[in-house]
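Participant: Pasting the sequence and the predicted coordinates here, then a few questions.
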Amino acid sequence: MRKINLAITGCLGRMGQQLIKSAKVEKNFELKIITESKKIDKKISGIRPSLNTKAEFKKIDVIIDFTIPRCTFEILKIASRLKKRVVIGTTGFTKKQEELIKVYSKKIPILKAGNMSLGINLLMYLTEIASASLGKKFLSKILEVHHKHKKDYPSGTALMLARGIAQGRGENFYNLYGKKFLNKKKFPFGKKVNFNSIRKREIIGEHEVIFSSGKEIITLNHEAFDRALYAEGALSAAKWLMKKKPGLYSMRDLMNFK
């Protein structure tokens, strides 16, 4: 079986570096291209980084992107012209940008997830089930903890979990988006889903969904100890995407959740 020619963007970032490390030992892939938004003179893992250009991406089958929204759209523009598949792990998109990604997905296969962990995506599924079962009598809120370098908040994962709550209740996600807090010791429940984002040390990721009726509390949580699990999930997504037609997919599709 021919190896999948892979490109990894944002090669200097934490996830970019982990993806390079994981791809090097993954037998299904041939890491052809790594890119950055600026010119880098030194080699990384034996590969000299390139800029995001049409000429570079011609050589590959699929692109894994963990960057920032502006860079993601630069990549999607090129990928759509070349008919290349894209796995998006970037977070922090606006509602308008989310809609634009859907437009690109009509031309190319895209798998987008705020978190590539199989465990987190199972947590989202369980969150949806719990939300549907508990109903509107239970209020809900989300706590997330990440390393001190992470800038966007709530995290993409926290927003994913909030979508699970909304889907379970049959409501529009944006209508349920509540208040967001940063580094609070305590934060309240509300009629909408409130978020508290903690940024400290080098924590990989902790997420907690809390439901309360006022008489009882139900908590669903996940803790990540190794960034490699996100890279492994992204590589699984890239392999899975190779057989798909244009469309917007999620890790839920990969895991075959109904």
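Facilitator: Perfect, thanks for sending it. Here the structure is a predicted model, which means the values were calculated and not measured.

Participant: what about the residue lying farthest from the centre of the chain, which SS state?
Facilitator: Computed with C-alpha atoms, centre = their mean, the residue of the chain farthest from its C-alpha average is K215, at 34.2 Å. The assignment at K215 comes out as coil when based on DSSP: H, G, I helix; E, B strand; the rest coil.

Participant: Local confidence estimate at it?
Facilitator: Each residue has a pLDDT score; the one for K215 is 96.

Participant: Could you do the one 3 residues further on as well?
Facilitator: I218 is assigned a predicted lDDT (pLDDT) of 98.

Participant: my guess is it contacts I210, does it?
Facilitator: Yes - with contact taken as C-beta atoms under 8 Å, I218 and I210 are classed as touching, separated by 7.5 Å. Any C-beta I mention is one placed from the backbone N, CA and C, and that applies to glycine too.

Participant: between those two, which one's more packed in?
Facilitator: More crowded of I218 and I210, by other C-beta atoms under 10 Å: I210, with 17 against 14.

Participant: L82 versus the most centrally placed residue in the chain, what's the distance?
Facilitator: When the chain is reduced to its mean C-alpha position, the nearest residue by C-alpha atoms, centre = their mean turns out to be G114, at 2.3 Å. When C-beta to C-beta, to the nearest Å is the yardstick, G114 and L82 sit 26 Å from each other.

Participant: same question, G135
Facilitator: Distance check for G135 against L82: by C-beta to C-beta, it reads 47 Å.

Participant: for D152, same thing?
Facilitator: From D152 to L82 the distance is 29 Å (C-beta to C-beta).

Participant: likewise G170?
Facilitator: Summarising the geometry, the distance separating G170 from L82, computed by C-beta to C-beta, is 39 Å.

Participant: So which of those two has more stuff around it?
Facilitator: The residue with the greater number of neighbours, taking G170 and L82 and applying other C-beta under 10 Å, is L82; the counts read 13 against 9.

Participant: residues contacting the more buried one?
Facilitator: Under the criterion of C-beta atoms under 8 Å, 6 or more residues apart in numbering, the contact partners of L82 comprise K54, F57, K58.
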